[in-house]
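Q: Sequence plus the predicted model coming up.
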Amino acid sequence: MEQDPQLVKRCLAGEDSAWEELLKAHNRRVYNLCFRFTSRTGDAEDLTQEIFIKVFQSLQTYDVTQGTFITWLSRVARNHLVDHYRRTRQERLTSSIEDEPTGLEDKPSAGEHPLAQVESRERRDMLQAALERLSPDMREAVILRDFQDLDYDEIAHVLGVPQGTVKSRINRGRLELARVLKRIEGMKGS
Amino acid sequence: MTHLELEHLASDYLEGQLDTARRAEVEAHLAGCGDCQALIADTRHALHLCRSAKEIEPSPWLVTKILQATLGERKPSLGQRLAAFFRPAIQTRVAYGVAMAVFSLSLILNAAGLDLRHLRAQDLDPRTWVYQANRNGHLLLGRVEKYYYDLKLVYEIESQLQQLRAEPSEQAPRPQTPSGGTTEGAPMGDSPLASSWSPTTISTAFELLGRLSGWSRPTRGTTR
C-alpha cells in the first residue's frame, strides 16, 4: 500500500484516484472518532463527510515534517468535532441523549453465538453511555488514546496541549470512566 | 504513598510505564489498601473494554457520498469515453459482419485482378474490372477442366469407354433376349446408347470399377 505522503502529493497533483485511495484508507478511523463523540451513526456520517470535505480543501496545508498524516487528519477532525459540539450545545440541552437510539444495527458475526452477540451489544452500549458522561476534554483524550490508539505525543499534537496535560486528562478520564461503568453495571445488576 | 498519589499514577501503572522503584511503591500501597485495589481493578476493566471495543463499520455508500461531495460527478476519462463509443462495434454480430465484408471485398478484388499495393489509374475503370473478372473466370474454368481431365481415374474411365464403344463392331452378333422377359416390348438394342451396354460391356465395366476401388464382382459359387 502506498504511503500517505505520496498519496497526498498525487492528490495535490490532481489525481482523483489518489484521493479515493486516501479516503478509503482513513474513512473508517474518522467515522469511528465521530461516532465515539456523538453516539449517533447519522451524525457520525454527516460529520465524517464534512471533515473530509474540509481535508480535501486544505490538503495543501499538510506538512510532512510536522507529523504523520493520521495526526494531521485527527487534528482536523477533532477541531471540527469541537466546533460541532459548541454549535449543538443548545440542542443537546433541550433533548435527552438517552432517549435517542445510536442507530447501530448489529450485523450477525459469522460463528458468533446469539447470546454472545447480545452481550457484545450491551457492552458496547454501556461503554458508549459511560463515554457520554465524561467531560469533552477527558472524552477526546480517552478516545484518541484508547480507541484510536494514538501515542501521547500524537495526542498532544492533535489537541494542541502539552504532553503532561494529555497524560493527566487520560488518567482522569479513565478513572472517571471506570466509576461510571461501575455505576451503570451496578444499576443493571440491581 | 497517599490515595491521591496512587490515583495520579494509575494509568502509568496499568500501562507498565513506571520505573521499578515507583512500581514497588504502588504495589506496596495496593497490598494494604482495599479501596485502591478496587480502583485499579475497575480502571483495568474499563481500559480492557475500550481497547477490545470493535470498530464500527460506516455505511458502504459513505465513501461514494464523500467522493461526490469532493470531486463532484466524475467525468469519464478519454479512454472510458473511447471505450463507450466503440462498445457497440465490439459485439460479435458486428465483428462477423465486418469479417464477411472484408472477405467479400477480397474475393471481388481478387476476381477483378486488382492489386491494392500496385494500383493504377486504369484499375479504377469498371470496364477493367469486368474484363479482368471475365478473363479470370475463364482462366479458372480452364484450369479446373484441365485438372479434371488430368485425373487418373477420369482418364482411365474415358479410355475404357472409348475402348468399349469400339468393341461392338469387332464382337460376334449379340445373343437374343430370352422370350417372355420383361424387356421384350422395349428391346434395348433399339437405343443407340443401349447398344454399348451388352453383358460383355457390363462385365468389363464391373472389372474396371473393381480394379479402381479394390472391390471384385461376386461370382456364382463364391462366398463372402
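A: Received, thanks.

Q: Does chain B have contacts with the helix or strand containing A:Asp83?
A: Using DSSP states H and E, A:Asp83 maps to helix A:69-87. No - with CB under 8 Å from any CB of the partner chain as the criterion, chain B is not reached by helix A:69-87; the gap is at least 13.2 Å. (C-beta placed from N, C-alpha, C; glycine too.)

Q: Could you list the residues in contact with that helix?
A: With contact meaning CB atoms under 8 Å, 6 or more residues apart in numbering or on different chains, helix A:69-87 is reached by A:4-5, A:8, A:26, A:29-30, A:33-34, A:37-38, A:47, A:50-51, A:54-55, A:58, A:62-63, A:66, A:136, A:140, A:144, A:148, A:150, A:154, A:157-160.

Q: Cross the residues you listed against strands and list the overlap.
A: Members of those lying in strands (criterion: DSSP state E): none.

Q: List buried residues within these.
A: Buried residues within the contacts of helix A:69-87, defined by neighbour count using 16 or more other CB atoms under 10 Å in any protein chain shown: A:4, A:8, A:26, A:29-30, A:33-34, A:37-38, A:47, A:50-51, A:55, A:62, A:140, A:144, A:148, A:150, A:154, A:157-159.

Q: rewinding a little: for the helix holding A:Asp83, buried residues please.
A: Quick answer for helix A:69-87 (16+ other CB under 10 Å): A:69-78, A:80-81, A:84.

Q: do stretch B:32-40 as well
A: Using 16+ other CB under 10 Å as the burial criterion, the residues of stretch B:32-40 that qualify are B:33, B:36, B:39-40.

Q: CSV for these, including pLDDT and secondary structure?
A: What follows is the buried residues of stretch B:32-40, written out as CSV (pLDDT from 0 to 100; DSSP: H, G, I helix; E, B strand; the rest coil):
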residue, pLDDT, secondary structure
B:Cys33, 90, coil
B:Cys36, 92, helix
B:Leu39, 93, helix
B:Ile40, 93, helix
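
Q: would you list these in TSV and tack on distance to chain A?
A: Formatted as TSV, these follow (distance: CB to the nearest CB, whole Å):
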residue	distance to chain A
B:Cys33	15
B:Cys36	11
B:Leu39	7
B:Ile40	9
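
Q: ok, so of those residues, who is nearest B:Phe103?
A: Distance to B:Phe103 across the buried residues of stretch B:32-40 (CB to CB) is lowest for B:Ile40, with 88.2 Å.

Q: Please name the residues that touch the residue most central in space within chain A.
A: Centroid check for chain A by CA atoms, centre = their mean gives A:Leu33 as the closest residue, at 1.2 Å. A:Leu33 sits next to A:74, A:77-78, A:81, A:143-144, A:147-148 when contact means CB under 8 Å, 6+ apart.

Q: Turn these into JSON lines, including pLDDT.
A: Listed next are the contacts of A:Leu33 as JSON lines, based on pLDDT from 0 to 100:
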{"residue": "A:Ser74", "pLDDT": "93"}
{"residue": "A:Ala77", "pLDDT": "94"}
{"residue": "A:Arg78", "pLDDT": "92"}
{"residue": "A:Leu81", "pLDDT": "91"}
{"residue": "A:Ile143", "pLDDT": "93"}
{"residue": "A:Leu144", "pLDDT": "93"}
{"residue": "A:Phe147", "pLDDT": "91"}
{"residue": "A:Gln148", "pLDDT": "90"}
